[in-house]
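>>> Got a predicted model here, sequence first, then my questions.
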Amino acid sequence: MKKIKLFAPLFVLFLLPSMLMAQKSDKKTEVIYIQTSAICGECKTKIEGAVNAVKGVKKSEVNLTDSKLMVEYSPSKTSPEKIRAAVAAAGYDADEVTADAAAYQALPMCCKKNEKKH
């Protein structure tokens, strides 16, 4: 009986921190989907490069079938607003955020809206 009383506090001492860490690790990253104005492979490359440069972004991928950007990111280091701003700064629309006009004008013709895909 004395052994149980002795080991019970030690068990709680070691078990409690691991339980708390397990709860924290569930929210290390989040995933968002952003509608972009991507058209071609060059758009995909430019958007993914711009988004991957944002601190806290773990992974990004543009699906050219529906022009949606999937981003896995750390919410403690960045936000969806910063990610959308990076896409817009690269010259592409990101949900309700309109592309930066100067960056859009600098895009190749194939990456501009209403132009032919290549």
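Arrived safely.

>>> Return the residues in contact with residue 68.
Contact analysis of residue 68 by C-beta atoms under 8 Å, 6 or more residues apart in numbering lists 33-36, 62. Yep, even glycine has a C-beta here, placed from its N, CA and C like the rest.

>>> how about 7 Å then?
Residues in contact with residue 68 (C-beta atoms under 7 Å, 6 or more residues apart in numbering) are 33-35.

>>> and if you look at residue 38?
44, 47, 62, 64, 67, 92.

>>> Likewise for residue 94?
Residues in contact with residue 94 (C-beta under 7 Å, 6+ apart) are 34, 36, 84, 87-88.

>>> Could you look up the SS state of the residue nearest to the spatial centre of the chain?
Centroid-nearest residue in the chain: residue 71, 2.9 Å away (criterion: C-alpha atoms, centre = their mean). Following DSSP: H, G, I helix; E, B strand; the rest coil, the label given to residue 71 is strand.

>>> excluding its backbone neighbours, what's nearest it?
The spatial neighbour of residue 71 that comes closest, neighbours along the chain excluded (C-beta to C-beta, 6 or more residues apart in numbering), is residue 60 at 4.7 Å.
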